[in-house]
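Peer 1: Next comes the sequence, and after it the predicted model I'd like to discuss.
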Amino acid sequence: MMEASTLQAYENRAAEAELRLNSLELLLGKKGGGGDPAFLKATLKQLYDLRIAMGTARNEMSAIEKERDQAVAHVAELQKENEKNDYRIKHLLRALSEMHEKHGSPESPQSSSFNIYQEGAMKKGRFLT
């Protein structure tokens with residue numbers, strides 16, 4: 001996933017290219033008409049190169065934005081799935097604990113697993129009730 005600073009760098013490059021393009025177009029307009037053909041040819045080449053660079057930068061930025069959006073959606077999906085799994089584990093462990101209480105099982109591997117999970121959940125800021 002691209003960082004915001006990288007995306008900002010691409011946007012800055014595109015803005016700079018647009019400014020350069022506008023200044024060249026103004027310069028061409030002032031010296032155009034009966035101007036030097038070599039100057040016109042060089043200026044048009046610069047304009048063409050800038051337009052290509054701007055198109056490339058826009059395509060790259062678009063691809064980066066698409067990749068970022070997909071990654072954000074994937075992270076949200078994984079967080080939702082994680083929350084569902086935490087909920088299921090919480091209720092399964094609660095049911096297991098209740099079963100042990102009913103049947104008088106003092107200390108079993110499952111209840112120690114419950115304590116381990118509960119401690120981990122508390123460290124993550126999740127509380128089991």
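Peer 2: Yes, it's here.
Peer 1: burial count for Leu93?
Peer 2: Neighbours of Leu93 under the rule other Cβ atoms under 10 Å: 19. To be clear about C-beta, it is placed using only N, CA and C from the backbone, and glycine gets the same treatment.
Peer 1: For it, which three-state class applies?
Peer 2: Three-state assignment for Leu93 (DSSP: H, G, I helix; E, B strand; the rest coil): helix.
Peer 1: now swap in the one 5 residues further on and tell me
Peer 2: Under the three-state scheme (three-state DSSP), Glu98 adopts helix.
Peer 1: Give me the distance between it and Lys84.
Peer 2: Here the criterion is Cβ to Cβ, to the nearest Å. By it, Glu98 lies 21 Å from Lys84.
Peer 1: Pull out the buried residues from the helix or strand harbouring Gln8.
Peer 2: Using DSSP states H and E, Gln8 sits within helix 4-31. Within helix 4-31, the residues scored as buried using 16 or more other Cβ atoms under 10 Å are 10, 13-14, 17, 21, 28.
Peer 1: What is the nearest of those residues to Leu93?
Peer 2: Tyr10 (48.2 Å; Cβ to Cβ).
Peer 1: Contact partners for the closest one?
Peer 2: Going by Cβ atoms under 8 Å, 6 or more residues apart in numbering, Tyr10 touches 57, 60-61, 64.
Peer 1: ok, 10 Å please
Peer 2: 2, 57-58, 60-62, 64-65 (Cβ atoms under 10 Å, 6 or more residues apart in numbering).
Peer 1: In the buried residues of helix 4-31, find the pair that's most separated.
Peer 2: The most widely separated members of these, counting by Cβ to Cβ, are Tyr10 and Leu28 (26.6 Å).
Peer 1: Which pLDDT value goes with the residue most central in space within the chain?
Peer 2: The centroid of the chain falls nearest to Arg68 when counting by Cα atoms, centre = their mean (3.3 Å). If you check Arg68, the pLDDT there is 94.
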